[in-house]
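Engineer: need coordinates for the following:
(chains A and B)
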Amino acid sequence: MMGKIVWVLLVVLLLVQAVLATDGVSVDRLNIWPMPHSVSHGQESLFLSKDFELNTEGTRYNDGSGVLKDGFSRLLDMVLVAHVVDGNFSKIDTSLLLQGLHVVVLSADDQLQYGIDESYKLSVPASGKPGYAYLEAHTVYGALHGFQTFSQLCLFNFTTRVIEIPMVPWTVIDQPRFSFRGLLIDTSRHYLPLPVIKNVIDSMAYAKLNVLHWHIVDTQSFPLEIPSYPKLWDGAYSVSERYTFADAAEIVSYAQRRGINVLGEIDVPGHARSWGIGYSSLWPSKDCPEPLDVSNKFTFKVIDGILSDFSKIFKFKFVHLGGDEVNTSCWTLTPHVKKWLTKHHMNESQAYQYFVLRAQNIALSHGYEIVNWEETFNNFGNKLSRKTVVHNWVLCGPLVIRFLVGSFLA
Amino acid sequence: MLSDPFKSHFLFLILSLSLCVSQTLALNSVPEPDASALTYLWPLPSEFTSGNRTLSVDPDLSLAVGGIGGNSAIVRAAFDRYRAIIFKHTSGISIFSRFTGRSSVYDICKLKIIVNSNNEELQLGVDESYTLFVSKNDEKSIIGEATIEANTVYGALRGLETFSQLCSFDYGTKSVQVYKAPWYIRDKPRFAFRGLLLDTSRHYFPIDVIKQIIESMSYAKLNVFHWHIIDEESFPLEVPAYPKLWKGSYTKWERYTVEDAYEIVNFAKVRGINVMAEIDIPGHAESWGTGYPDLWPSTSCREPLDVTKNFTFDVISGILTDMRKIFPFELFHLGGDEVNTDCWSSTPHVKQWLQDRNMTAKDAYKYFVLKAQEIAISKNWTPVNWEETFNTFAENLNPRTVVHNWLGAGVCPKAVAKGFKCIFSNQGFWYLDHLDVPWNEVYTAEPLEGINDTSKQELVLGGEVCMWGETADTSDVQQTIWPRAAAAAERMWSRRDAISTGNITLTALPRLQYFRCLLNRRGVQAAPVTNKYARRPPIGAGSCYEQ
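Structural biologist: Purely as a prediction, here's the structure:
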């Protein structure tokens, strides 16, 4: 028995060693991430020519905004950043040189929205008479994904000192499984400088993620400028830890040019204490500042102002209204809020529902569809706007699943 | 004959007469940068005065050059880099001003850079001094300007860095402001050698990451990138003379071509940073034998390099010949630390060789180091060696040797007493992989500790913080380097008397916290200053300025 285990261990060790050994690291396997829908490849190699170019003959997309052109230039940067390419191209057999990438985009529309077609087909020819690699996509954003995949096929060849594409010919047919592939960043608990957010966006594109969920504001700080209510960003940590409205527009545009939507969030009413630094009447009271004062009309005016300003820059069809972790004790402890509850025959959980639904209506009036954290659904799922997207986060979302199953059976 | 930019500014002289050091150095201790009256500079300039006016800077700030060296590509490229840093938030504003033709509303529309020499050779001790004046336009000129004057382009680069630190974005007016103007700054470094070591053998760092590190060094006015390229673990660099050497790289992708190395040297040069390359012989060189097993005493006992073979020294000579073409800096590091000679005594052919020559293993260590020194000197290099070489056979070392301290205190005093030059890197304070050393211990470590004789003090070239790579790779290297490297950077740049008195918790800590946020704003992953262990992430939510 023991001997058998030792033997197994030995085999495992040998295998591990084979994989780790310097010469054992092989390019002869798929190193594309995320794995495309379908991939096939050969065993030959091509090299990128010195003036590897973008060819858009036959495309229906005029690229007036330069999304494709810039994407191509980033593709070259990604491929060239690792090493100085100084190979002697005249020594390389021209039948091994890839002249460029021929990109055909079928749709003229470059509006980025939820559910757009992100599919693409990429083929890299065999050696012999290679000419151009061919990338076809329905939208320019599908083509950008194709660029990412193409860049992952490229390697610096230390012998020829040029960029090599091993394992040609390649045929990649790809499309995402889900339309919403997000990453949340939280700029309230810590301010993230503009160049850092841009780095995050760049890296998202490498992994073909397509939604930057910007959790801008929370209890701790309010870094974003809201022109309608200019004192809100008094809630920033310091004078410098802020985003101007133009900064936010810049982030949206930077992301859009990489095929990434920005989902803005205000997390109401439970994660919003910082709002009251500039407008203290948003707090039930100074001593009990959270959740936002449900009894004050001004609260909803401010939400309306924020979402109105949001709608000028955050063009994604969804806005995130939070709604999680609402501890309503400040509402019952604060006399004027308590009085308001009594007058309107509401208990605190009804007031929570009232708040969320009213905020939903404001968002709808600005043309947004709504995302809410799952507590809203768990507590009053039947009342939510049918346009609500339920955002799971608590464990594996057993309640959500139960509801879906239940409603399906009913 | 260079004209002295300091003398040419009689205005500055008058002002500097009234300079009250105690007043100007007593920087406000308010930890928040909220008070617009505050401007933090890191490292502290050697002399400066400020006022109480706020000046706005035109987002279309233009460059005017003067002096025989002003029209330099290095200066122009640096101006463009710093413009991008200074105006990070203001895209859109300048379009507005262009439309309305209101550019004249700004106080500073032009940055004038005067460089009094067109010699762009970067070497140890190059003149990095500069003066920087920022004042509002007076009646005589319509356009307000800031002026940097320096003797070399490298001084101008330091002045540009300081200028960029004077500029802050004001969220109220949405323009860039210089607070506490007018500014009169006259600055120069205390030490000529202000280094950072990066170890690309324990982990490979991609070219782009090395460039980011070099770029961030320039923010703290560090000026030597000590590239510990090779060690036991891997040999990432291409050596054309011995092309199998980089078979010792971790993988075929974790390598630097000769052209990559050139690129790094040039990237550093235009930022005023020298690259000091190292081969750490004979004790940290096992990876050499992957391509040439003859360099090992035997395949089962691989280190130190085989002292008996001519081939060993042929390879060293070949490497140094190839490296000489890449690295123009006058210093070259030959390592020489931690040599365990057991393999020499236990490998029969080496043991025989020692007996034939009546040598002990220690004699052979000396023989090896001195022979390598000769090779380096023959290539017109000044050898740098880790301190064990000095500790073991100081009297035999080439007198030009620069002794690189690391083991502990007291080595530089001994080295300079014997007439050697010295670099301070006491591991108790300046080894960045020692995560338990707090910022204040890094800050107060003094390269001239124990050296009182001025003529001996001059032999201390400066110091170096060391980013050894066993526990740092691309994922955490910048937060391990920063902000503690900045603490050492001020120690090496600023006047000793200005930074060694008073309560540093009040005089230095708020500025360092501010500088760490400045690094963050520029996208450098600097860790919070006062965390118990270096590079730890923040423990809770909060402002950058209060971490």
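
Engineer: B:I229 contacts B:L198, doesn't it?
Structural biologist: No. Using Cβ atoms under 8 Å, B:I229 makes no contact with B:L198, being 9.1 Å away. Quick note: C-beta positions are derived from backbone N, CA and C, even for glycine.

Engineer: can you count the residues close to residue 127?
Structural biologist: All of this refers to chain A. 18 (other Cβ atoms under 10 Å in any protein chain shown).

Engineer: chain B was what I was after
Structural biologist: 17.

Engineer: mind listing what it touches?
Structural biologist: With contact set as Cβ atoms under 8 Å, 6 or more residues apart in numbering or on different chains, B:D127 has these partners: B:S117, B:A150, B:N151, B:T152, B:Y154, B:G155, B:K188.

Engineer: isn't the second one up against B:N116?
Structural biologist: Yes. The pair formed by B:A150 and B:N116 meets the contact definition of Cβ under 8 Å, at 7.2 Å.

Engineer: which of those two has more neighbours?
Structural biologist: Taking other Cβ under 10 Å, B:A150 and B:N116 do not tie; B:A150 has more neighbours (30 against 22).

Engineer: quickly find the element holding B:L61.
Structural biologist: strand B:53-66 (DSSP states H and E).

Engineer: ok, then the element right after that strand?
Structural biologist: By DSSP H and E, the next helix or strand past strand B:53-66 is helix B:73-86.

Engineer: elements contacting that following helix?
Structural biologist: Packing partners of helix B:73-86 (3 or more Cβ pairs under 8 Å, 6 or more residues apart in numbering or on different chains; DSSP states H and E): strand B:53-66, strand B:108-115, helix B:153-166.

Engineer: chain A: which of the ones you listed is closest?
Structural biologist: strand B:53-66 (12.0 Å; Cβ to the nearest Cβ).

Engineer: is that closest one in proximity to chain A?
Structural biologist: No. Using Cβ under 8 Å from any Cβ of the partner chain, we find that strand B:53-66 stays clear of chain A, coming within 12.0 Å at best.

Engineer: before we move on, the earlier item: export the helices and strands packed on helix B:73-86 to TSV and tack on mean pLDDT?
Structural biologist: Shown next, in TSV, are the helices and strands packed on helix B:73-86 (pLDDT from 0 to 100):
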stretch	mean pLDDT
strand B:53-66	94
strand B:108-115	95
helix B:153-166	98
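
Engineer: point out the most buried one among the ones you listed.
Structural biologist: helix B:153-166 (a mean of 25; mean count of other Cβ atoms under 10 Å in any protein chain shown).

Engineer: ok and that one relative to strand B:108-115, angle-wise?
Structural biologist: With axes from the mean of the first three to the mean of the last three Cα atoms, to 10 degrees as the basis, helix B:153-166 and strand B:108-115 are set at 160 degrees to each other.

Engineer: wondering if helix B:153-166 reaches chain A at all.
Structural biologist: No. With Cβ under 8 Å from any Cβ as the criterion, chain A is not reached by helix B:153-166; the gap is at least 13.1 Å.

Engineer: next: stretch B:516-526.
Structural biologist: Yes. Against chain A, stretch B:516-526 shows contacts by Cβ under 8 Å from any Cβ at B:C517, B:N520, B:R521, B:R522, B:G523.

Engineer: what's the farthest-apart pair in those?
Structural biologist: Greatest spatial distance among the residues of stretch B:516-526 next to chain A (Cβ to Cβ): B:C517 and B:G523, at 12.1 Å.

Engineer: compare these two (neighbour count), which wins?
Structural biologist: Between B:C517 and B:G523, B:C517 has the larger neighbour count (other Cβ under 10 Å), namely 26 against 19.

Engineer: give the rounded mean pLDDT of the helix or strand harbouring that one.
Structural biologist: Assigned by DSSP H and E, B:C517 belongs to helix B:509-521. Across helix B:509-521, the average pLDDT comes to 95.

Engineer: swap in stretch B:445-456?
Structural biologist: 97.

Engineer: next: stretch A:107-121.
Structural biologist: Across stretch A:107-121, the per-residue pLDDT values average to 97.

Engineer: now it: buried residues?
Structural biologist: Across stretch A:107-121, burial judged by 16 or more other Cβ atoms under 10 Å in any protein chain shown covers A:S107, A:D110, A:L112, A:I116, A:E118, A:S119, A:Y120, A:K121.

Engineer: again, but for stretch A:195-212
Structural biologist: A:195-198, A:200-201, A:204-205, A:208-212.

Engineer: and if you look at stretch B:390-405?
Structural biologist: B:F390, B:F393, B:L397, B:T401, B:V402, B:V403, B:H404, B:N405.

Engineer: and for it, what are the contacting residues?
Structural biologist: So stretch B:390-405 is contacted by B:331, B:333, B:362, B:365-366, B:369-370, B:373-374, B:377, B:382-387, B:389, B:407, B:411-412, B:414-415, B:418-426, B:461, B:464 (Cβ under 8 Å, 6+ apart).

Engineer: restricted to strands, list these.
Structural biologist: B:331, B:333, B:382-386, B:421-424, B:461, B:464 (DSSP state E).

Engineer: understood, closing this out.
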